[in-house]
Each structure stands twice: as C-alpha cells, then as structure tokens.
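Visitor: no sequence for this one, just the structure:
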C-alpha cells in the first residue's frame, strides 16, 4: 500500500484526472478496521492476472462475531482523503478494483471523519461480473441524488469502509469473501461544487438546487426586474406551513460560514410583494442541532432591497456560538405566519457583509476605482467580470446607496451626494463579490 499517493496523473487522452489513494503494496499505516462482523486484511493477490497483477490486495470477509448485513471492512488513512482544495471539490468519482464470488452484488463505499463517524458520505454501485477483477466506479458528485450523507469539502475524511452484499450477513465462507485493490479518486467531466458564500446563483458549475420545507416551493428562477439575472424564488400557498422556508443548497455549503468576533453580519437581497414582511435568516450545522437566527422586516414592495442580518443580536438559545461550525443557511419569508393565499418572494446575493470573494482558484475580481479620493464622482471598473449591482455603506454599517441590474463593466457613483468620509462599496459581479474602500473628500 502506498497509503496516500498524492501524485496527480493527467490523462488527456481519456479526459480525466486521477489520484491513487491506496494500492495496499506496503504495510498499512494504521490497523485495519472492521464493523458488524466484517474484517479486512492485506493478503497476497490470489487471482493475479492481466486484469490486476498487484502483489498485495485487501481481503474482506463477512460473517464474524455479531454479524449484520451492513458488516464491513475498512482502512484508516495516514492523511485525509484529498477530495478538495480550500473547500472546493477536486474529484467527483471513486474507483476501485474488486473480485466478488457472484454477479450482481451491491457495494457501498463509505468515507468517515475519524473522530466523528456521523460526518460521512456513502455511495453505492453494483458489480456486474463475478470471479474476475473488475473496476467499479462510485459517483460522489454533490448533485447525485443517490449520494447518502452530506459531502462537505471542508470535512477531513480519514476512514474508508467497504460494504458488500447487504442482502446477507455472511458466513465467513468463500461466498462471503471479497477483494479490493487500487482505490482512486477521479475527476470526470465538470466537477460540480457545493454552493458557498457568496451565493449569487450565477456560476454554472455550482449545485444551486434548494432544499425547501414546510410545503413551500423554492427554485432557481429569473430576476423579476432583469431576466438576464438568476435569483432564488420561493412560493408559498395557503397549504404552506408558517415555518416554511428553504436552505441555500441541498446539503449546506462546502465551507463553513466565516463568522468571526468582528464579522457577524450577513446580507441578502430580497424582493417582496409588501412592506413589513418579516424575513428570518437562520444558520445551522450539518452535524448538530445548534442554530442561530435573526429576523428583520422588508421596507420596500415590488423592488429589490438589501437586508442586513446582525447575528450578534441573536438571543436565547439562538445566540451565535463562534466555536461551532455553521455550514447551512436557511431563509424564511413572512416567518411565523401561515399564508392565506399564494405569495412569491425572490432572493439573491447572500453573503457576509463586506465579503471579498475569490473567483475560481484564488483568482480575485480585478477592480479599479478612480478618482479615489473624490469630491464629484467615482468610476468603478472591472476587467474580468460584469457588474450586477453596487451597495455602499457608511462607517456605521448603514446602506446609503445602491444600484441594481447594471450588467456592465463600469458604473459611475455621484460622490457629491455624500458627506466627507470613508465608505465601503460592495461590488456584486457575475463571478462573485468584492468590497472596496471609497473616500469622499
């Protein structure tokens, strides 16, 4: 076993990248794992041939003491499974060679966080052929609806388990013996990412599906003001519950929400049919019941506005705890009120206040402002992104200017409308958000 081989091999001829995780050719770094009557040992390859001429392979046997149909064998890695870089997923498939005693056997691949087994994901497939080495592939893409558990880019997965034939608890015979070799991570096609802050709904390789609850419908839709802009849409009906809402993303974000001691404010652009609609923003955890929430009311009807949610004001059992990893964000419109008729709301640009977003692999949005300082006007220009909207805040955090549906690479702000001082400008683009400082002389 080369326990974790991080050598990246690019195969341009077949169009995907792969990295070998384990091939069992050297001594395991940690003791083999077993569960529910299953066990794993490293043995000489009993079926060495052209399909797999490795010297060593893993042998998994079901049917030991306390045997259950989910009995498994596993390994503990010496380093975390290299699925992601900086929270961005790099691979979307896992392959391995297997040798099974009968065709049609189901196989589950499970990756766990070492200290907390509940932080896991499971993918399954079927072995079509028996008594020969075959390569099987597990789809672990975040938009795969059959993937069990939340695949999070920031969680360190260090334990791997293999479950064969969940129709039988096994009997330790040859019919309950399976072999595994050459576990690899693959990147095939477009690697779809989990949603992360800032949520702009514009990226094409991000899973923006929404997980609604309380008999409401949430989906990606077009901006009611500008049809070229993508936004979230939530529809309530008389059948909806008072607690109906939606998560941003199916299984939360791929990164933790970056709260700090000095950064506890989130902003969301909303479009509501009425003034005074209570909007509740809630942060949750994928692996825990703790949550924090803040509610504010809309001040505009049938037009866009930016609402600020200050989580430092959360009270009671919803106080923000900076020691917890919040990685889910939910929004509720007309929170706590059961609708009597159909109501439609739109939302966009969920982010930390003044969040600076990177594009792709740490490529930042290229922005220029001139003149700055200024008395008359500022000109904002971007060179690698289209400006969607601008929001300007004074040093007290109050929004003093906004412009939407710009869809251009430049925009002018009239500086002469504002008092002398320092302002923060949030530049929302089709690729992310950048915050810059403006000085009014």
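Guide: Cool, the structure landed. As the structure is a prediction and not an experimental result, all values here were calculated from the model.

Visitor: Where does residue 321 sit: helix, strand or coil?
Guide: Using DSSP: H, G, I helix; E, B strand; the rest coil, the structure places residue 321 in coil.

Visitor: Touching, it and residue 291? I think so.
Guide: No: the criterion here is CB atoms under 8 Å, and residue 321 misses it with residue 291 at 9.8 Å. Placement of C-beta: from N, CA and C, glycine included.

Visitor: ok, these two, which is more surrounded?
Guide: residue 291 (18 against 14; other CB atoms under 10 Å).

Visitor: Now do the helix or strand harbouring the more buried one: which elements does it pack against?
Guide: Secondary structure assigned from DSSP states H and E places residue 291 in strand 288-297. Judged by 3 or more CB pairs under 8 Å, 6 or more residues apart in numbering; DSSP states H and E, the packing partners of strand 288-297 are strand 278-285, strand 304-310.

Visitor: want to try CSV for these, with distance to residue 73 as columns?
Guide: Formatted as CSV, the helices and strands packed on strand 288-297 follow (distance: least, CB to CB, whole Å):
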stretch, distance to residue 73
strand 278-285, 31
strand 304-310, 47
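
Visitor: This protein - how does it break down into domains?
Guide: According to automatic domain parsing, the chain comprises the domains 9-188, 194-352, 358-440.

Visitor: Mean pLDDT for those domains - can I get that in a markdown table?
Guide: Shown next, in a markdown table, are the domains of the chain (pLDDT from 0 to 100):
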| stretch | mean pLDDT |
| --- | --- |
| domain 9-188 | 92 |
| domain 194-352 | 93 |
| domain 358-440 | 83 |
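
Visitor: Can you check what angle separates the strand holding residue 291 from strand 304-310?
Guide: 130 degrees (axes from the mean of the first three to the mean of the last three CA atoms, to 10 degrees).

Visitor: hmm, who's touching strand 288-297?
Guide: By CB atoms under 8 Å, 6 or more residues apart in numbering, the list of residues contacting strand 288-297 from outside reads 275-285, 307-311, 313-314, 318-321, 324, 326, 335.

Visitor: Taking the residues you listed, please make a PyMOL selection of just the buried ones.
Guide: Selection of buried members from the contacts of strand 288-297 for PyMOL, criterion 16 or more other CB atoms under 10 Å:
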select buried, resi 277+279+280+281+282+283+284+285+307+308+309+311+314+320+324+326+335
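
Visitor: what does stretch 221-241 rub up against?
Guide: Residues from elsewhere that reach stretch 221-241, judged by CB under 8 Å, 6+ apart: 199, 201-202, 208, 210, 212, 214-220, 244-246, 248, 271, 303-304, 331, 333-334, 338-348, 388, 404-405, 407.

Visitor: If any of the residues you listed are buried, put those into a ChimeraX selection.
Guide: Listed next is the ChimeraX selection for buried residues among the contacts of stretch 221-241, using 16+ other CB under 10 Å:
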select :199,201,202,208,210,212,216,218,244,245,246,248,271,304,331,333,334,339,343,344,345,346,347,348,388,404
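
Visitor: So which of the contacts of stretch 221-241 are in strands?
Guide: Of the contacts of stretch 221-241, the ones assigned to strands by DSSP state E are 212, 217-220, 245-246, 271, 304, 331, 333, 343-348, 388.

Visitor: picking that back up, return the list of strands paired to the strand holding residue 291, each annotated with direction.
Guide: Strand 288-297 has its sheet partners listed here by DSSP bridges as strand 278-285 (antiparallel).

Visitor: Residue 194 touches residue 248, doesn't it?
Guide: No: if you go by CB under 8 Å, residue 194 and residue 248 don't touch, sitting 10.2 Å apart.

Visitor: And the spatially closest residue to residue 284 that is not a sequence neighbour, how close does it get to residue 439?
Guide: In this structure, residue 284 finds its nearest non-sequential neighbour in residue 328, 4.0 Å apart by CB to CB, 6 or more residues apart in numbering. Distance, residue 328 to residue 439, by CB to CB, to the nearest Å: 38 Å.

Visitor: of those two, who's got more company?
Guide: Counted by other CB under 10 Å, residue 328 and residue 439 do not tie: residue 328 has more neighbours, with 19 against 15.

Visitor: Show the contacting residues for residue 375.
Guide: Contacts for residue 375 were tallied using CB under 8 Å, 6+ apart; they are 415-416, 440-441.

Visitor: Recalculate using a threshold of 10 Å.
Guide: 415-416, 420, 440-441 (CB atoms under 10 Å, 6 or more residues apart in numbering).

Visitor: Residue 76: neighbouring residues, count only.
Guide: 16.

Visitor: What residue, apart from its backbone neighbours, is nearest it spatially?
Guide: Nearest non-adjacent residue to residue 76 (CB to CB, 6+ apart): residue 30, at 4.0 Å.
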